[in-house]
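S.K.: Return atomic coordinates for the entry below.
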Amino acid sequence: MTGAIPTALSRLRAEVARQPQDFIAWVMLAEAELDHGDSAAGIAAAQRALALRPEHPEALARLGRAYWMRKRHAEAVQCLERAAAQAPQHPGIALWLGHALEDAGRAEDAARAYEQAYRLLPQQPMIAAHLLNWRRRLCDWRDLDALSAQVRRAVAQGQGAIEPFAFLSEDAAPAEQLACARLRAREIAAQVRPLPPAAPLAGGPVRLGFLSNGFGNHPTGLLTVRLFEELRRRDEVEIHLFALNGDDGSPIRQRLHAAAHGLHEVAGQSHAHIAGAIRQAAVEVLFDLRGWGGGGAPEVLAMRPALVQVNWLAYPGTSGAPWIDYVLADRFVLPEARRAHHSEAVAWLPRCFQPSDTARTVEAPPPREECGLPAQGVVFACFNNSYKINPRSFSRMLAILARVPGSVLWLLSGPGQADARLREQARRGGVDPARLVFMRKLPHAQYLARYRHADLFLDTHPYNAHTTASDALWAGCPLLTCPGETFAARVAGSLNHHLGMEAMNVADDAAFVARAVALGNDADALAALKARLAERRAQAGLFDMAGFAGDFAAVARAMAQRHRAGLAPAAFA
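M.R.: Model (predicted):
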């Protein structure tokens, strides 16, 4: 173990060995173990503290947090509810209870816990950001502008480490996103010391590492599996996957395992152990496939286990982190003019930065009626997660429904009462709530098949459809988007651009509504658009994963060669 946290751990472990009856020391040790990513050790320390002082809220809170880290959600909720009952004025316990309730599927209870934390500490930007993020997920738009303004103001003033992933949903400029990411990275850098430098490599295949909690039936696994299968055919690279998630038994996980030279099971391990596993595998170029998204391990990256480290795919923005050398992008999603708002050197691929599983098949869907759709009428779809549907995006969807008679809007069902809230918003906007149809989450093949009933995908802003956009286009459903200024707001546009469907990238909300209305009221134009998409899908390079693998391997090799030559990371294409 290395760095500031392990040093503190050593002191605390020595302290409890000398004073095994010291309750405070056991609580502090539990906290330190959890901060270091070792949930098993955190459970043991919290249980020792509870043996000394049964039902003490601070010990219960640490035990609940440890269970939450191990995805034992029911036990986490039980502990944290007991802690909150003992300490109802403790904002930190209320916040952690919100996290546990969220993951336990108790969406509305989670909202109440976040609201309690905010009532207790309304000036704390981090708590405001959690409340804001969860209200977005629940489509509860009360005080949305005020909360957003508070969070953006805190970032501008350098106050508080807001989670950058949640900040992507704010209508913020690229410079604001960079500032947010840098604040979070600075917090981690203060806690983690890098490993000693690894010996440089002189030759041989480039050993590529990929760190993710999505190696399975997850958007990351679904996007990357075909690419890894193609890379396995190439002698110049070697593939090592470091799975922060356990084996879900899915066909995708099996394909990933077969495609990799090594799939390293590191779920539940401490940050130092994961970094050690990456270093032991002699990874030369490490791709962070989670970034600031939940379930990632930025502390591992901060230890610098690999010679070159790259932000790619799962986090659509800048890391703001000094331990990330490159961001992998394309020139549409990250134009030259916006390079200054990324802390990393930019490595541009000649095609869209997002791969896709071209081995997936689009099956026949059930009849429209079984999907809750009317027998006739245009079906507008948006299967984005609920937090991406904000007042601006929803207003333009309602405007389209109002001008296309008989049409419906097909949405992915959200958590808690999100669907009911959207129906109420439709009613207030003068649209019959019955014209909103909600699809529950389904196995991927069943979900993909339903795109055959969708006529046009309506994208969201400022956080676009990403994996969902790829799914729609692969299944033959055209996608309409309004590219924005940030990386997250340009992904769908990049897919259209590289597919040769640039006409579906429009300039503003007025053009978005006008284009959707024109297509919705012209069956021939809509049919021609779908035919054009089918033609471009077969001819364009967007879904050419053999070609993508060649481009990807060349970029990774160039990164490695620069490092082998003693050169600093620099932008290149």
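S.K.: what sits against residue 308?
M.R.: 284-286, 325-326, 559-560, 563, 569 (C-beta atoms under 8 Å, 6 or more residues apart in numbering). For the C-beta atoms, the positions are set from N, CA and C on the backbone; glycine is no exception.
S.K.: For the residue nearest to it when sequence neighbours are not counted, what are phi and psi?
M.R.: Counting by C-beta to C-beta, 6 or more residues apart in numbering, residue 308 lies nearest to residue 285, which is 4.5 Å off, once chain neighbours are set aside. Main-chain dihedrals, residue 285, degrees, to the nearest 10: phi -120, psi 120.
S.K.: you'd agree residue 285 is up against residue 210?
M.R.: No - shown here, residue 285 and residue 210 do not form a contact pair, counting by C-beta atoms under 8 Å, at 9.7 Å.
S.K.: Pick out whichever of those two has more residues nearby.
M.R.: Shown here are residue 285 and residue 210; by other C-beta atoms under 10 Å, residue 210 has more neighbours (27 against 24).
S.K.: helix, strand or coil for the more buried one?
M.R.: Put simply, residue 210 is strand when judged by DSSP: H, G, I helix; E, B strand; the rest coil.
S.K.: so what's it bridging to?
M.R.: When assigned by DSSP bridges, residue 210 has beta-bridge partners residue 241, residue 287.
S.K.: Next up, the contacts around the closest residue to residue 109 other than its chain neighbours.
M.R.: Closest residue to residue 109 apart from its sequence neighbours, by C-beta to C-beta, 6+ apart: residue 101 at 4.7 Å. Applying C-beta under 8 Å, 6+ apart, one finds that residue 101 lies in contact with 77, 107, 109-110, 113.
S.K.: Mind checking the pLDDT average for the helix or strand harbouring residue 101?
M.R.: For residue 101, the element it lies in under DSSP states H and E is helix 91-103. Averaged over helix 91-103, pLDDT sits at 97.
S.K.: again, but for stretch 107-123
M.R.: For stretch 107-123, mean pLDDT is 98.
S.K.: Number of residues surrounding residue 172?
M.R.: Using other C-beta under 10 Å, residue 172 is surrounded by 21 other residues.
S.K.: now it, nearest residue through space, not along the chain?
M.R.: Nearest non-adjacent residue to residue 172, counting by C-beta to C-beta, 6+ apart: residue 152, 6.0 Å away.
S.K.: Can you say which helix or strand has that neighbour in it?
M.R.: helix 144-156.
S.K.: gap between that helix and the chain center?
M.R.: Put simply, helix 144-156 sits 21 Å off its chain's centre (C-alpha atoms, centre = their mean, to the nearest Å).
S.K.: quick one: contacts of that helix?
M.R.: Contacts for helix 144-156 (C-beta under 8 Å, 6+ apart): 125, 128-129, 131-132, 135-136, 160, 162, 167, 170-172, 176, 179-180, 183, 390-391.
S.K.: try it again with 10 Å
M.R.: Applying C-beta atoms under 10 Å, 6 or more residues apart in numbering, the external contacts of helix 144-156 come out as 118, 122-126, 128-133, 135-136, 141, 143, 159-162, 164, 166-167, 169-173, 175-183, 390-391.
S.K.: What's the local residue count around the residue nearest to residue 172?
M.R.: Neighbours of residue 152 using other C-beta under 10 Å come to 21.
S.K.: check contacts around the residue nearest to residue 308.
M.R.: Residue 285 touches 206-210, 237, 306-310, 325-326, 555-560, 563, counting by C-beta under 10 Å, 6+ apart.
S.K.: Out of these, which sit inside helices?
M.R.: The helices, defined by DSSP state H, take in 555-560, 563 from the contacts of residue 285.
S.K.: Looking at these, which one is closest to residue 537?
M.R.: residue 555 (24.3 Å; C-beta to C-beta).
S.K.: hmm, back to that, roughly how far apart are the residue nearest to residue 109 and residue 114?
M.R.: Distance, residue 101 to residue 114, using C-beta to C-beta, to the nearest Å: 9 Å.
S.K.: cool, residue 322 as well?
M.R.: As judged by C-beta to C-beta, residue 322 and residue 114 stand 31 Å apart.
S.K.: Between these two, which has more neighbouring residues?
M.R.: residue 114 (25 against 15).
S.K.: what's near enough to touch the more buried one?
M.R.: Contacts of residue 114 (C-beta under 10 Å, 6+ apart): 94-95, 97-99, 101-102, 127-128, 130-135.
S.K.: hmm, back to that, so which of the contacts of helix 144-156 sit within helices?
M.R.: Checking these against DSSP H, those in helices are 118, 125-126, 128-133, 135-136, 164, 166-167, 175-183, 391.
S.K.: Just the buried ones out of those residues, please.
M.R.: Burial by neighbour count, 16 or more other C-beta atoms under 10 Å: within these this picks out 118, 125-126, 128-133, 135-136, 164, 166-167, 176-183.
S.K.: which residues in the stretch 401-550 of the chain form strands?
M.R.: Using DSSP state E, counting those that start in this stretch, the strands found in the stretch 401-550 of the chain span residues 408-412, 436-439, 456-458, 479-480.
S.K.: just checking, what packs against the shortest one?
M.R.: This points to strand 479-480. The contact analysis (3 or more C-beta pairs under 10 Å, 6 or more residues apart in numbering; DSSP states H and E) places strand 479-480 against strand 379-382, strand 456-458, helix 467-474, helix 491-499, helix 509-520.
S.K.: Which parts of the protein belong to which domain?
M.R.: Listed domain ranges for the chain are 4-189, 206-358+548-564, 368-539 (source: automatic domain parsing).
S.K.: And these: which comes nearest residue 196?
M.R.: Here domain 206-358+548-564 is closest among the domains of the chain (C-beta to C-beta), at 9.1 Å.
S.K.: buried ones in the helix or strand harbouring residue 272?
M.R.: Residue 272 belongs to helix 271-280 when assigned by DSSP H and E. Across helix 271-280, burial judged by 16+ other C-beta under 10 Å covers 271-279.
S.K.: Please convert the contacts of residue 308 to CSV, extending it with distance to residue 447 and pLDDT.
M.R.: As requested, the contacts of residue 308 are exported to CSV (distance: C-beta to C-beta, whole Å; pLDDT from 0 to 100):
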residue, distance to residue 447, pLDDT
284, 37, 97
285, 33, 98
286, 31, 98
325, 36, 98
326, 33, 98
559, 35, 97
560, 38, 95
563, 41, 94
569, 39, 96
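S.K.: Buried ones only from those residues, please, as a ChimeraX command.
M.R.: Applying 16+ other C-beta under 10 Å to these leaves a buried subset, and the ChimeraX line that selects it is:
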select :284,285,286,325,326,559,560,563,569
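S.K.: Would you mind checking which of the contacts of residue 308 is nearest to residue 23?
M.R.: residue 286 (40.5 Å).
S.K.: quick one: contacts for that closest one?
M.R.: Residue 286 makes contact with 207-211, 240, 242, 278, 300-301, 304-310, 324-325, according to C-beta under 10 Å, 6+ apart.
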